[in-house]
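In: Mind folding the following:
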Amino acid sequence: MAQYGKFAEIYDSLMHEDVDYDSWCDYIENLLHLNGCEPDTICELACGTGNITARLAERGYDVTGLDISSDMLRLAAKKLRGAHLIRSDMSRFRSARRYGAFLCMIDGINYLIDPAAVKRTFENVRRSLEENGVFIFDVSTRYKLSSILGNETYIHSEYDVFYSWQNRYIERYNISDMLLNFFIERGGGLYERFEERHLQRGYSIEQLKYMLRGAGFEKIEVYGELSYSAPEKDSERIVFACS
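Out: Below you'll find the model as predicted:
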């Protein structure tokens, strides 16, 4: 089952209630400033349908969006006419261009369930980052994956979309196994059913710092979600700013 295949077409309608993209863009700009970075160019890894990328483009940045899903990029292209979009696995991309900042927001790193892929991604970013550039990314924490999502099942219903979200947490590997079943109204009382399986891995702050240092990052700041303070033990999302 592909991740973000048919789900891409309803992704924005489901996520708009959960993610305040304007606040995230304000926060990203503030973190860049706090870390002494005023970039002209930004590359967003795992850009999805381009909700953050498009907003940053509107704010005057020269943006590039990269994602592994052609379905997500097709939708991003409608919001980012003329912007550079790349279909690639972020753990394997190579760029001849250097960027003033890299982003990977809203769980992109969690989807790399192999630590070696995380390490390669960090190395790729470091290699393509300008001298005074900054890499900002967030992750859902092990606490969130194990204790909030855990083994819970969620049901969501709107007038034209119904889905169930079944979670299974595999503690031995710190992996959250999510099975989503969708029913999308197609007219005439008919619904299309499809399912997707999503895997996310929870990484500790120490693990991520170790891999970041190994990739050549020297300054690593860690914050709570949309915060400028250190995360708490029960933080559900943490943010890294690295240079």
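In: quick one, strands of the chain?
Out: Under the criterion DSSP state E, the chain contains strands at 41-45, 62-67, 84-87, 99-104, 129-140, 153-157, 161-170, 175-187, 190-201, 220-224, 237-242.
In: Could you list every helix and strand in contact with the fourth one?
Out: Applying 3 or more CB pairs under 8 Å, 6 or more residues apart in numbering; DSSP states H and E, we find strand 99-104 packed against strand 41-45, helix 115-128, strand 129-140. In this view, the C-beta of every residue, glycine as well, is placed from N, C-alpha and C.
In: Name the nearest residue to Ile238, sequence neighbours excluded.
Out: Leaving aside its sequence neighbours, Ile238 sits nearest to Pro231 (CB to CB, 6 or more residues apart in numbering; 4.5 Å).
In: Do you know the pLDDT at the one you found?
Out: Note for Pro231: predicted pLDDT of 98.
In: Could you chop the protein up by domain?
Out: Per automatic domain parsing, the structural domains of the chain span 8-139+204-242, 143-200.
In: Export those to TSV and append columns for mean neighbour count.
Out: TSV is the format used below for the domains of the chain (neighbours: other CB atoms under 10 Å):
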stretch	mean neighbour count
domain 8-139+204-242	18
domain 143-200	14
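In: residues in contact with Asp107?
Out: With contacts defined as CB atoms under 8 Å, 6 or more residues apart in numbering, the neighbours of Asp107 are Ala46, Asp138, Val139, Ser140, Gln200.
In: for those, which one is nearest Glu236?
Out: Ser140 (6.6 Å; CB to CB).
In: Settle this for me: the closest one is touching Arg237, isn't it.
Out: Yes: the pair Ser140 / Arg237 is scored as a contact, 5.7 Å apart, by CB atoms under 8 Å.
In: for this structure, which spans come out with low pLDDT?
Out: Along the chain, segments meeting pLDDT under 70 span 1-17.
In: Tell me which residue of it is furthest from the middle?
Out: Distance from the C-alpha centroid of the chain peaks at Gly188, with 35.9 Å (CA atoms, centre = their mean).
In: For the nearest residue to Lys219 once chain neighbours are set aside, the count of nearby residues, please.
Out: Spatially, and ignoring its direct neighbours in sequence, Lys219 is nearest to Ser243 (4.8 Å; CB to CB, 6+ apart). For Ser243, the number of neighbouring residues by other CB atoms under 10 Å comes to 19.
In: want to try TSV for the strands of the chain, with distance to Asn51 as columns?
Out: Formatted as TSV, the strands of the chain follow (distance: least, CB to CB, whole Å):
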stretch	distance to Asn51
strand 41-45	10
strand 62-67	10
strand 84-87	14
strand 99-104	12
strand 129-140	14
strand 153-157	19
strand 161-170	18
strand 175-187	19
strand 190-201	18
strand 220-224	21
strand 237-242	16
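In: closest to Lys209 out of the ones you listed?
Out: Lys209 lies closest, by CB to CB, to one member of the strands of the chain: strand 220-224, at 5.5 Å.
In: what's the closest one in contact with?
Out: Strand 220-224 is contacted by residues 31, 35, 205, 209, 212-213, 229-232, 235, 237-242 when judged by CB under 8 Å, 6+ apart.
In: What pairs with it, parallel or antiparallel?
Out: strand 237-242 (antiparallel) (DSSP bridges).
In: and the end-to-end length of stretch 134-145?
Out: 27 Å (CA to CA, to the nearest Å).
In: One more: stretch 106-119?
Out: 18 Å.
In: And for stretch 162-178?
Out: 16 Å.
In: who touches it?
Out: 113, 142, 145-146, 149-156, 179-183, 191, 197-203.
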